[in-house]
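A.B. asks: Sequence plus predicted model, see below.
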Amino acid sequence: MEFLLVLAFLALFSLSALAGLALRKRLHERHLTSENMESIRLVTGLMVTFAALILSLQLSTARTHYDLTSAHRSAYAARLANLDQCLRVFRAAAEPTRLKLRQYTAAVIASTWPRETAPEVAGMPDPRGMAVRGEDSGLTRLINAIGAEVDGLETAGLEHSAARCRAAYAAVPAARWNVIEDANTASGGFFVGIVSFWLSLVFLSFGLQIPRRALSAAVLAIGVLSVSSIMFVIVDLSLPYEGVFHVSSAAMRDALADMVR
């Protein structure tokens, strides 16, 4: 999918530049006067300025969203691991709850990163029918059951620890919803399409202006490759759980590894 996206941008911008070169060849000399070419350069310069501004803003926004999504995922993993650490104080009484927490964490990893090797925890839900993005009803029931068991812990002599565990669990749903909302963020496909169309017009204009020489063609090809790579990075970063620049499962796997120690 990622490489198809790169090829799509390359093909679109390359065809636009080639169309400009072909159009220049077919135009009569009276259309290629210095006055006409200067007018084209002025309009092209305006389009390039706006395109550079939009690309830089989009790249910054996509990177910020990616970094925030990664931070939310790490915070969520830390909340789950912290809850497990708190439950260890209750020893055997909390072991069923800790098992459910391990099952939940393993199911989250398996459903969020289906292309990776899924962790195995006895009795964990089957991740094949779970939602890859957004809220899953099965995982919601499991985390709610964990919360109910945390609230029902025997507190004889461990009142302070029980209160700490309840506070630790209270932080889990908020972190969970941050992760869910990050995954549901729209990728802005229509906007990407508009920007791609705009950039194709820019390369069409470039093809009209450059002379038919090897050096000019090489410079134009470098421009096509550069802009295509920028567009790819913008789209890829806006899909934080897919593509090349995806959020790693390392934080969740580390949390699960800590739970089984």
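C.D. replies: Noted; the coordinates are in hand. Numbers count the residues shown, from 1 in each chain.

A.B. asks: okay, which residue of the chain is out on the far edge from center?
C.D. replies: Outermost residue of the chain with respect to the C-alpha centroid, by Cα atoms, centre = their mean, is residue 30; its distance is 50.1 Å.

A.B. asks: Let me see the residues that make contact with stretch 164-175.
C.D. replies: Stretch 164-175 is contacted from outside by 72, 75-76, 79-80, 82-83, 86-87, 89-90, 143, 146-147, 150-151, 153, using Cβ atoms under 8 Å, 6 or more residues apart in numbering. All C-beta spots, glycine's among them, are computed from the backbone N, C-alpha and C.

A.B. asks: hang on, residue 87 packs against residue 96?
C.D. replies: No - between residue 87 and residue 96 there is no contact under Cβ atoms under 8 Å: 10.1 Å.

A.B. asks: So between these two, which is more surrounded?
C.D. replies: Per other Cβ atoms under 10 Å, whichever of residue 87 and residue 96 has more neighbours is residue 87, with 24 against 11.

A.B. asks: Leaving aside the residues adjacent along the chain, what's closest to the more buried one?
C.D. replies: Excluding its sequence neighbours, the residue lying closest to residue 87 (Cβ to Cβ, 6 or more residues apart in numbering) is residue 94, at 4.2 Å.

A.B. asks: residue contacts, the one you found?
C.D. replies: 87, 88, 149, 153.

A.B. asks: List the buried residues of stretch 203-215.
C.D. replies: Buried residues in stretch 203-215, counting neighbours by 16 or more other Cβ atoms under 10 Å, are found at 203, 204, 205, 206, 207, 208, 209, 210.

A.B. asks: what distance separates the host helix or strand of the first one from the centre of its chain?
C.D. replies: Following DSSP states H and E, one finds residue 203 within helix 189-209. The gap between the average C-alpha position of helix 189-209 and the chain average comes to 24 Å, counting by Cα atoms, centre = their mean, to the nearest Å.

A.B. asks: any idea how far residue 45 lies from residue 39?
C.D. replies: Distance, residue 45 to residue 39, using Cβ to Cβ, to the nearest Å: 11 Å.

A.B. asks: same deal with residue 100?
C.D. replies: For residue 100 relative to residue 39 (Cβ to Cβ), the value is 70 Å.

A.B. asks: Between the two, tell me which one has more neighbours.
C.D. replies: Using other Cβ under 10 Å as the criterion, residue 100 and residue 39 rank with residue 100 on top: 18 against 11.

A.B. asks: Contacts only, for the closest residue in space to the more buried one that isn't next to it in sequence.
C.D. replies: Counting by Cβ to Cβ, 6+ apart, residue 100 lies nearest to residue 146, which is 5.1 Å off, once chain neighbours are set aside. Residue 146 makes contact with 97, 100, 101, 104, 169, according to Cβ under 8 Å, 6+ apart.
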